[in-house]
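Chemist: coordinates only, no sequence provided:
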């Protein structure tokens, strides 16, 4: 028996990505995101987590192409839409925040104008009204002295501030889905907490669903209700966040969790060795075709769990 | 208690900034402003802090890649800069550095064997087949194979390149290794391997480490002593246990509190442990509620002991 | 694929010119200077004279072949001098910085502001005409771009880990510039050099045309053009063929340079795999 669940806002099914026909980057990835839910995609470099986000946004660069599968957003398959329709969704219904704000922002345009652009393009507003909304947006992301800051250029702001501006641009049109690709990785740790909190608050207030892509398990734990673990192009495990950490099922997840040094875990006495991933899951076993170990919400466990 | 192996005394490194207006006052960036640290033989001293705190500049000064504006670095009591100091070649036998970016730390046009051999040749430590043997032995020691010597850096993964960087640093038998964010650029699963390797090497080769890092979990795991830097100054330092279990300075507490520790978050056990008490009437320096201006001279302050090996910076 | 075509075409042209120059002695049917038959002057291309004859009755084809020797010598050697000067100044300026960098930058700016041909003319006026003076004059005037490229490449390399690692290993500055920096900037420098060869060939043509370069009767494409000025109506082939030769040579080196740059670029990119 399962509780009544609303239709997912994003439904990825058997997504396959590759370079040409020979080189596979994603091997049949499937997951759902419910409206208002924050879903985390965690993995190391090369796991395919970032390209998944790019594929959803339609930002894949050649020679990467989607070689199979579907991406349904609010019931419509993004991959089979006309490019113009897809472009209209971008920024308006689906938005993205990138890792490096300095490269994602136009260095020659004031940030106020960059935010205002969103309103002009997607809402058809005039510039004066758009600029006012831009200042409001800066306020909502807790940037002090928003009118002044709106006239600033990206290079005049700190990293954390720039990331807030990116969030303001992304959330300007109140999208239904926000894809955040390593949003705080480039920031100092004391700034990270503030930016993450901001994102969480804003998305919760608007009911925005979030796909949070990160290699940092701590960030994932902080923000997500459910987590998907990716390794070498495959989604190997998906569980509620709490369960991923307390009862990881897949050997790769177990290895990943075991190999981190954890704050507060060192006892007095001799320094201990860290568990290396190879000691938990052999290199040859990684990336093998195995069914994804999923526990959908609810007490029922999928078959194959507990392997 | 024996004399410290390396001492950093009152180190100041200032950079000149361009003037705001052509006739305006000269502006200075005080990257390092009066740092005192000691490294004892066989121990691992970590310097933590966020970007811009001066930890990397301090490391570069120890290595001789940055000239100090004031202050000294002393090795076994003898100064490493100024007249009569050892030259570049002599310094190379004292301290070596493992760099942060494994992709930029190797000459892309030299085979790694050639990079390692050239160091032996430069110092006249070995030649011919003996030199080749030493290179092969070093590669094995860092977990690589002898025939890797013929390959170029781009043929290796990030983790392997960092191992090669460690091999390069150890080639000249230095006493001290300065590790600048040695694992920050690596995948989580590779970090554990490299950290274990560094710890093993420290034991077997009896090395002393200065590690620069912003990753507190790694620092806690690996260090004997820790110094926390903030805007060019050490605000708290001591043995790892004191600093991590009784973090006292507000900046240290803020740092530890910001580490997203998954388990702590989920079990709701989040929180920073209590700090030690400071003498009555004293306040912490600097005040972290506002950002200090690195071009102004800092207020007067001292590192005050609050435990057997635990000091915190308080305003005078 | 387009780049491969460019590179191959350039290579073919350059090889043809080089072979023509080296084998001029064997390939030329007539002596370029002595075989002057005034009765046969201004004859159009024929089986006896593939490119016709010029105003003095000399075989144009033979003169074009021997002229290739001049152009290539000037092109290659003067560019070599340019590269040596530009690279030493650029690398040292980038590496050491400070007042030396300021000096080199100032000098480079001055050189870029002076029209190179005028400068070369001035030097030729002092040294007198002839091949050696030509080499010196052209070698001293066109090093600025190489210097710029060498300097900016050095700046970007200077703070990379492996350069700092070499310093910490105890290597001296000269050693580092030679073994660490130089091999890594050869790519861009080489590309500028191949493009510069074309430019040098054009400059030689211009100077010889103006009468200050290679003096007749020794053939150079430039002075052949100069001699052919009066014959444009009566014997245009005396100007067309040297002109085509210049065109083919410069095009060849330019394409070669372009192709080299494209070949080296993705290679560099894949280095950071």
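Modeler: Here it is on my side, so go on. Values in this document were obtained by computation on a predicted structure and should not be read as measured data.
Chemist: just the helices in the stretch 51-200 of chain C please.
Modeler: Across the stretch 51-200 of chain C, reading from the start of the chain, the helices by DSSP state H, counting those that start in this stretch fall at C:60-96, C:98-113, C:116-127, C:131-141, C:144-158, C:161-168, C:173-176, C:182-209.
Chemist: for chain B, which of those helices is the nearest?
Modeler: When the helices of the stretch 51-200 of chain C are ranked by proximity to chain B, the top entry is helix C:161-168, at 3.1 Å, counting by CB to the nearest CB. No exception for glycine: its C-beta is placed from N, CA and C like everyone else's.
Chemist: distance of residue C:22 from residue B:39?
Modeler: Taking CB to CB, to the nearest Å as the measure, residue C:22 and residue B:39 are separated by 66 Å.
Chemist: one more: residue B:307?
Modeler: According to CB to CB, residue B:307 stands 20 Å off from residue B:39.
Chemist: looking at these two, which is more packed in?
Modeler: More crowded of residue B:307 and residue B:39, by other CB atoms under 10 Å in any protein chain shown: residue B:39, with 24 against 15.
Chemist: wait, that one sits on residue B:177?
Modeler: No: using CB atoms under 8 Å, residue B:39 is not in contact with residue B:177, being 10.7 Å away.
Chemist: intersection of neighbour lists for these two?
Modeler: Common contacts of residue B:39 and residue B:177, defined by CB atoms under 8 Å, 6 or more residues apart in numbering or on different chains, comprise B:208, B:210.
Chemist: around chain B, pick out the residues from chain A.
Modeler: Residues of chain A lying close to chain B (CB under 8 Å from any CB of the partner chain) are A:44-45, A:188-190, A:192-193, A:196, A:215-222, A:241-242, A:245-246, A:255-256, A:259-266, A:268, A:271-278.
Chemist: could you report the neighbour count for residue C:223?
Modeler: The local packing of residue C:223 (other CB under 10 Å) involves 26 other residues.
Chemist: and the average pLDDT for stretch A:213-228 is what?
Modeler: Confidence over stretch A:213-228 (mean pLDDT, whole number) is 90.
Chemist: for the residue in chain A that chain C sits nearest to, helix, strand, or coil?
Modeler: Sorted by distance to chain C under CB to the nearest CB, the residues of chain A start with residue A:46, at 11.3 Å. Per DSSP: H, G, I helix; E, B strand; the rest coil, the secondary structure class of residue A:46 is coil.
Chemist: for the residue lying closest to it once chain neighbours are set aside, what are its contacts?
Modeler: With CB to CB, 6 or more residues apart in numbering or on different chains as the criterion, residue A:46 has its nearest non-adjacent residue at 6.8 Å, and that residue is residue A:232. Residues near residue A:232 by CB under 8 Å, 6+ apart: A:46, A:47, A:48, A:286, A:287.
Chemist: the third one reaches residue A:29, doesn't it?
Modeler: Pointing back at residue A:48 there. Yes: with contacts counted by CB under 8 Å, residue A:48 reaches residue A:29, the gap being 7.2 Å.
Chemist: quick check: residues of chain C near chain B?
Modeler: Remark: the part of chain C in contact with chain B comprises C:160-162, C:164-172, C:179-180, C:183-184, C:270-273, using CB under 8 Å from any CB.
Chemist: and the residues you listed, which are buried?
Modeler: Among the residues of chain C next to chain B, those classed as buried by neighbour count (16 or more other CB atoms under 10 Å in any protein chain shown) are C:160-162, C:164-171, C:179-180, C:184.
Chemist: in the lengthiest helix in chain A, what counts as buried?
Modeler: Under DSSP state H, the helix in chain A containing the largest number of residues is helix A:189-206. For helix A:189-206, the buried set under the neighbour-count rule, 16+ other CB under 10 Å, comprises A:189-196, A:198-200, A:202-203.
Chemist: contacts only, for whichever residue of the stretch 101-250 of chain A sits closest to chain B.
Modeler: When CB to the nearest CB is the measure, the stretch 101-250 of chain A has its nearest residue to chain B at residue A:218, with 2.8 Å between them. Listed by CB under 8 Å, 6+ apart, the contact partners of residue A:218 are B:259, B:260, B:261, B:262, B:265.
Chemist: how about the helices of the stretch 51-200 of chain C, which one is nearest residue A:109?
Modeler: helix C:144-158 (27.0 Å; CB to CB).
Chemist: what does that closest one rub up against?
Modeler: With CB under 8 Å, 6+ apart, helix C:144-158 has contacts from C:82-83, C:85-87, C:89-91, C:93-95, C:101, C:104, C:108, C:111-112, C:163, C:177, C:180-181, C:184-185, C:188-189, C:192-193, C:196.
Chemist: repeat that with 6 Å
Modeler: Identification of contacts with helix C:144-158 by CB atoms under 6 Å, 6 or more residues apart in numbering or on different chains yields C:82-83, C:86-87, C:89-91, C:93-95, C:108, C:111-112, C:163, C:181, C:184-185, C:188-189, C:192.
Chemist: then stretch B:299-316?
Modeler: When contacts are defined by CB under 6 Å, 6+ apart, stretch B:299-316 is touched by residues B:235, B:236, B:237, B:238, B:239, B:242, B:248, B:249, B:276, B:282, B:283, B:285.
Chemist: what do you get if the cut-off is 7 Å, keeping everything else the same?
Modeler: Applying CB atoms under 7 Å, 6 or more residues apart in numbering or on different chains, the external contacts of stretch B:299-316 come out as B:233-239, B:242-243, B:248-249, B:276, B:278-279, B:282-286.
Chemist: quick one: which of those residues sit in helices?
Modeler: Per DSSP H, the contacts of stretch B:299-316 map to helices at B:242, B:243.
Chemist: out of the contacts of stretch B:299-316, who's near chain A?
Modeler: Contacts with chain A within the contacts of stretch B:299-316, as defined by CB under 7 Å from any CB of the partner chain: none are present.
Chemist: buried subset of the contacts of stretch B:299-316 as a PyMOL selection?
Modeler: Per 16+ other CB under 10 Å, the buried members of the contacts of stretch B:299-316 correspond to this PyMOL selection:
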select buried, chain B and resi 233+234+235+236+237+238+239+242+243+248+249+276+284+285+286
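Chemist: strands - which of the contacts of stretch B:299-316 land there?
Modeler: Judged by DSSP state E, the contacts of stretch B:299-316 include B:233, B:234, B:235, B:236, B:237, B:238, B:239 as members of strands.
Chemist: which of those sit farthest apart?
Modeler: Using CB to CB, those span at most 19.7 Å, a distance reached by B:233 and B:239.
Chemist: where's the residue most central in space within chain A, which helix or strand?
Modeler: Among the residues of chain A, the one closest to the centroid is residue A:212, at 2.3 Å (CA atoms, centre = their mean). Using DSSP states H and E, residue A:212 sits in strand A:209-214.
Chemist: show me what that strand is packed against.
Modeler: Identification of packing neighbours for strand A:209-214 by 3 or more CB pairs under 7 Å, 6 or more residues apart in numbering or on different chains; DSSP states H and E yields strand A:38-42, helix A:49-57, strand A:177-181, helix A:217-223.
Chemist: give me the sheet partners of the third one and which way each runs.
Modeler: Using DSSP bridges, strand A:177-181 pairs in its sheet with strand A:94-97 (parallel), strand A:209-214 (parallel).
Chemist: tell me the mean pLDDT for the next helix or strand along the chain from the first one?
Modeler: Moving toward the C-terminus from strand A:94-97, the next helix or strand (DSSP H and E) is helix A:101-104. Throughout helix A:101-104, pLDDT has a mean value of 82.
Chemist: quick one: distance of helix A:101-104 to the chain centre.
Modeler: Taking CA atoms, centre = their mean, to the nearest Å, the mean C-alpha location of helix A:101-104 is offset from the chain mean by 17 Å.
Chemist: no further queries at this time; thank you.
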